[in-house]
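Colleague: coords please:
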Amino acid sequence: MERKSQVQIPKDLLLALFQYHLAGNEEYLPEIENALMEKLDSMVKRELYTTFKTAATEEEREKARQEYLDKCGMHEDFRW
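Modeller: Residues are numbered from 1 along each chain as shown. All right, here's what the predicted structure looks like:
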């Protein structure tokens, strides 16, 4: 059975979601979209890093490491 994970969001994002969904205040939409995209990016990076550290094969680890560094914006000249 797959373990369910939880995601935490900043209080400001939660309040903006309340304003948008419960109060119908659409001026919060750009803020919500930006915050959710940042959170998604953070989650993807974390998953890649975890795969890099725990993958079963060297090939999987290296692939995840390269994807992680790409996602972080690490220039190839600064990679080991």
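Colleague: alpha carbons only for contacts and neighbour counts from here, please
Modeller: Fine.
Colleague: ok, the residue lying closest to residue 35 once chain neighbours are set aside to residue 39 distance?
Modeller: Closest residue to residue 35 apart from its sequence neighbours, by CA to CA, 6 or more residues apart in numbering: residue 13 at 6.8 Å. Distance from residue 13 to residue 39, counting by CA to CA, to the nearest Å: 10 Å.
Colleague: likewise residue 73?
Modeller: 16 Å.
Colleague: So between the two, which is more surrounded?
Modeller: Set residue 73 next to residue 39 and count neighbours by other CA atoms under 10 Å: residue 39 wins out with 16 against 9.
Colleague: Could you pull out the buried residues of the host helix or strand of that one?
Modeller: Taking DSSP states H and E as the definition, one finds residue 39 inside helix 29-54. Residues of helix 29-54 classed as buried: 32, 35, 39, 45, 48-49, 51-52 (neighbour count, 16 or more other CA atoms under 10 Å).
Colleague: residues contacting the residue nearest to residue 35?
Modeller: Neighbour list for residue 13: 31-32, 35 [criterion: CA atoms under 8 Å, 6 or more residues apart in numbering].
Colleague: and after the helix holding residue 39, which helix or strand comes next?
Modeller: Next along from helix 29-54, by DSSP H and E: helix 58-72.
Colleague: orientation of that following helix relative to helix 29-54 in degrees?
Modeller: Following axes from the mean of the first three to the mean of the last three CA atoms, to 10 degrees, one obtains 150 degrees for the angle between helix 58-72 and helix 29-54.
Colleague: in terms of contact, does residue 25 touch residue 31 like I think?
Modeller: No - the criterion here is CA atoms under 8 Å, and residue 25 misses it with residue 31 at 11.8 Å.
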